[in-house]
Structures are given as structure tokens and as C-alpha cells.
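1. This is the structure alone, sequence omitted:
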């Protein structure tokens, strides 16, 4: 398999894609700063009166259900349908799916009414989206019993889209081929918004690469390398220091750094 997806960050920085984020209020500032640091152009627009117009000039749309309210859900549907009409790729982050019926039903509605390009969530979220058993304690519950490689593959096959399951290892699957990425650092789980930002980074990468599997895998390898370099640069495991340096490394980490640090392998599934 070609390893060109490891250098997709170069294209992101060259093209500076406009990523339309409909994300949650907890992480808006962090997501915007993170996208700016890596070289993309973020926009946050939520009003149903303008989302269709905004997405028509964007290069990707990211839908994040972290802080749900019905007006935002309606706006997401409008934006998603407009993105589909314009051929703009849509990334869905099903934050907390399975924690409450409202969250789970909202994800199902989005999947039924919008053509989603990439679903990005932790194992518990993705499992609940497709009706598989997995422990869910809240919006950040990602641990449980099961094989995440199988989960990603089954979800991709059921949903007919690329699925990213994040955890100690990230698994990206389109149902036929899976890419496992073992980069990252445990401190990513100690900073609010790193998962949400990752979904938006996936949005930036899919803006410049039409192969959704490679776009998501490239984003994962880059993001994991950024986390590893942030820890190396600070020399400690303090959460505040890590968060600041993580933003620095989103700007400083090069494609050659990703190639040097990447721990990836692919698996082809016979159906």
C-alpha cells in the first residue's frame, strides 16, 4: 500500500481548506485554534438561516453532537443536505452516542437524512451507533470489551462509509480495507476537546483527499505524531503544558516527522 497518505499535511497547508464546524460549545475555541495551527481555515456557523450558504463555500463539514439542542440539530440537517448537494464531504462525530436515547436517536437521524462521508468516534460511540454491545458511561467512555478492528470493519460495512474508531490504537476502515495506526499518547485523553479537534482535523484532510480511507488514516497518523512530539518537547506529563505544546506541534510537525514516527499497517478483508 502506498504511504503517500502520511504526507497529506503538506496538501492541507498548501490549500488551507475551509472547514465548516458545527461543534459543541465546550471545545469551539480549541478546535478553531487547532485547525489554524495545522494550516486549515476554520469557520463556526450554527444558525439555520446561514448554514447552507456557509457550507456552499466550505471544503468540508464537521457535525459534532457534543452539546445537543434541537435548533442545532435542525441546522445540522440543513447544512448536511446542502453539503451533499454541493459534493462537500461530511464528517460526523457521534459524541456520547448510547449515553442517552436522545443522542442515539439524533445520530440515527443524521445518518438517515444526510450522506455522511466519515464517522469518527470512540469504540463505545461507534458500537452504539450500529447496535453492538459496548459499555458507555458518558460522552468520553471509550473502553470496553471487544475488538476495535472488527468493530470498525463491521460498522463500515453496515453504514457503507469510512469509519474511524479511536483508542489506544486508531482503526480506519471502509469495510474492505482497514488501516491500524498506533501513534498517540495517553495525555490526549486528559485534555477536553482533543477528540473533537481530531474529527475536525479529519475534516481538513478529507478536504484535500477524495479517498476517505487514506484521508482519515493520514489525519490519524499526523495527530498521533503531534501528540508524541508534544510530550518529547516538554519532557513532562503535565496536562496544561501538554495542551499548549500540542497546539505548537500542530504547526511544527512536518510530513517527514510523520513518516519517521508513523506506526501503521493495513489489513484487507475478504468478504
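-> Received it, and whenever you're ready, just let me know what you need. Please read all numbers here as calculations on a predicted model, not as lab measurements. Residues are numbered from 1 along each chain as shown.

2. So residue 208 versus residue 5, what's the distance?
-> 11 Å (C-beta to C-beta, to the nearest Å). (Glycine included, C-beta is placed from N, CA and C.)

3. nope, residue 199 is what I meant
-> Using C-beta to C-beta, one gets 18 Å for the distance from residue 199 to residue 5.

4. what's the answer for residue 166, then?
-> To residue 5, residue 166 is 17 Å away according to C-beta to C-beta.

5. the more surrounded of these two?
-> residue 166 (28 against 25; other C-beta atoms under 10 Å).

6. And the spatially closest residue to the more buried one that is not a sequence neighbour, its phi and psi?
-> Nearest residue to residue 166, sequence neighbours excluded (C-beta to C-beta, 6 or more residues apart in numbering): residue 122, at 5.5 Å. Dihedral pair for residue 122: phi -80, psi 180, per degrees, to the nearest 10.

7. Looks like residue 122 contacts residue 167 (just checking).
-> Yes. Using C-beta atoms under 8 Å, residue 122 is in contact with residue 167, at 6.3 Å.

8. out of the two, which sits in the more crowded spot?
-> Between residue 122 and residue 167, counted using other C-beta under 10 Å, the more crowded position is residue 122 (27 against 16).

9. which residues does the nearest residue to residue 62 once chain neighbours are set aside contact?
-> Of all residues not flanking residue 62 in the chain, residue 203 sits nearest, at 4.2 Å (C-beta to C-beta, 6+ apart). For residue 203, the contact set (C-beta atoms under 8 Å, 6 or more residues apart in numbering) comprises 19, 21, 60, 61, 62, 89, 91.

10. And the last one, how far from residue 37?
-> The gap separating residue 91 from residue 37 is 19 Å, by C-beta to C-beta.

11. Between the two, point out the one with more neighbours.
-> The neighbour comparison of residue 91 against residue 37 (other C-beta under 10 Å) goes to residue 91, with 31 against 18.

12. Could you report the pLDDT at the more buried one?
-> If you check residue 91, the pLDDT there is 98.

13. in terms of contact, does it touch residue 204 like I think?
-> No. Residue 91 lies out of contact with residue 204 (C-beta under 8 Å); the separation is 9.6 Å.

14. re earlier: how about the contacts of residue 203 in CSV, adding distance to residue 191?
-> Converted to CSV, the contacts of residue 203 look like this (distance: C-beta to C-beta, whole Å):
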residue, distance to residue 191
19, 20
21, 18
60, 23
61, 24
62, 19
89, 26
91, 20
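
15. Would you mind giving the residues you listed as TSV with secondary structure and distance to residue 78 added?
-> Conversion of these to TSV gives the following (DSSP: H, G, I helix; E, B strand; the rest coil; distance: C-beta to C-beta, whole Å):
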residue	secondary structure	distance to residue 78
19	strand	18
21	strand	15
60	strand	16
61	strand	11
62	strand	15
89	coil	17
91	strand	17
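
16. Buried residues of the longest helix seen in the chain, list them for me.
-> Looking across the chain with DSSP state H, the single longest helix is helix 212-234. By neighbour count with 16 or more other C-beta atoms under 10 Å, helix 212-234 contains the buried residues 212-231, 234.

17. same deal with stretch 237-255?
-> The neighbour-count criterion (16+ other C-beta under 10 Å) identifies 241, 242, 243, 245, 246, 247, 249, 250, 253, 255 as the buried residues of stretch 237-255.

18. Can you tell me which of those is closest to residue 131?
-> For those, the residue nearest residue 131 by C-beta to C-beta is residue 246; the value is 34.5 Å.
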